[in-house]
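Student: I'd like to go over a predicted model; first the sequence, then the structure.
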Amino acid sequence: MQAQFISDLHLTPERPDIARAFLRFMDEQAPKADTLYILGDFFEYWVGDDAMEPFHQEIADKLRRYTDAGHHLFFMPGNRDFAVGRCFLKQTRAQWLQDPCTIELNGEKVLLMHGDLLCTDDEHYQKYRKRIRHPLVLGFLRLLPLSYRKKLAARIRANSQKAKSGKSLEIMDVNRDEVVRVMEQYGVKTLIHGHTHRPDTHAVTLSTGTGQRIVLGDWDKCGWVLPGDSGLHQQRFSL
């Protein structure tokens, strides 16, 4: 299986340069593989499938053309777009990925995550994550008027930025012990995730030997894609 992995595009009308780069990526780079994995924070925010504007529809249409051409598309929610629902998946023909999940890549079992679950030192965020993603809470939020959901999303984003400014980089990064625990729990030697915006490949010492943790880059100053070949080396390109 030929696959590619991306995350943390944070697509929003306020960053047309990233949107243009993504559309170009879907035309030129994505068709080189038969499968595309989106590992969270694809959108900067998502208040509901009923809030899709022309900007979001253009992105969805591009993804649908990719799947209509016979490619496979997998979508894992992130901390920004966890409210993506069935309508978006139906429009794009994307398949939902649980976080975490395992796939087979190059004959090896590989663990995929968005990455926020690994940041266990940030206890305040982990408690918030557990609350906001509870099925009952999500169901209630989807029943609220769209105007209120938009205001709520703006407030959450503002609070998130304020909270980040008061936290150390270490707290917002992954906990190494948690990385080892999760990789050994799923019996893998390779973990691919995003979220931290710190693209790199880290060696991980496991009880079964040395593994690797590949952190996908965010699309801010440039774009990033991880081709799922035997080398698993990220590629960077201009927006």
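Tutor: Cool, got the structure. Just so we're clear, the structure is a prediction, and the values are computed from it rather than from any experiment.
Student: Once you drop chain neighbours, what's closest to the residue positioned nearest the centre of the chain?
Tutor: Compute the mean C-alpha point of the chain, and by C-alpha atoms, centre = their mean the closest residue is residue 40, 1.5 Å away. Sequence neighbours aside, residue 78 is the residue nearest to residue 40 in space, at 2.6 Å (criterion: C-beta to C-beta, 6 or more residues apart in numbering). Glycine gets a C-beta too; all of them are placed from N, C-alpha and C.
Student: show me what contacts that neighbour?
Tutor: Going by C-beta atoms under 8 Å, 6 or more residues apart in numbering, residue 78 touches 7, 8, 39, 40, 41, 42, 114, 116, 194, 195.
Student: Could I get the buried residue list for stretch 105-116?
Tutor: 105, 110, 111, 112, 113, 114, 115, 116 (16 or more other C-beta atoms under 10 Å).
Student: buried sites along the host helix or strand of residue 147?
Tutor: When secondary structure is defined by DSSP states H and E, residue 147 falls within helix 146-165. Judged by neighbour count (16+ other C-beta under 10 Å), helix 146-165 contains these buried residues: 149, 153.
Student: now do stretch 201-213
Tutor: Within stretch 201-213, the residues scored as buried using 16+ other C-beta under 10 Å are 204, 211, 212, 213.
Student: Could you tell me the end-to-end distance of stretch 85-101?
Tutor: Across its full length, stretch 85-101 reaches 19 Å between end residues, using C-alpha to C-alpha, to the nearest Å.
Student: from now on call the first residue 508
Tutor: With the count now opening at 508, the last piece we talked about shows up as stretch 592-608.
Student: contact partners of that stretch?
Tutor: Counting by C-beta under 8 Å, 6+ apart, the neighbours of stretch 592-608 from elsewhere in the structure are 544-547, 555-557, 559, 567, 570-571, 574-575, 579-584, 618-621, 624, 649, 689, 693.
Student: While we're on the nearest residue to residue 548 once chain neighbours are set aside, how confident is the model there?
Tutor: The shortest distance from residue 548 to any non-neighbouring residue, by C-beta to C-beta, 6+ apart, is to residue 585 (3.4 Å). Predicted confidence (pLDDT) at residue 585: the value is 96.
Student: In terms of helices and strands, where is residue 585?
Tutor: Short version: residue 585 belongs to no helix or strand, going by DSSP H and E.
Student: and if you look at residue 685?
Tutor: When secondary structure is defined using DSSP H and E, the element that contains residue 685 is helix 683-693.
Student: Alright, that wraps it up for me.
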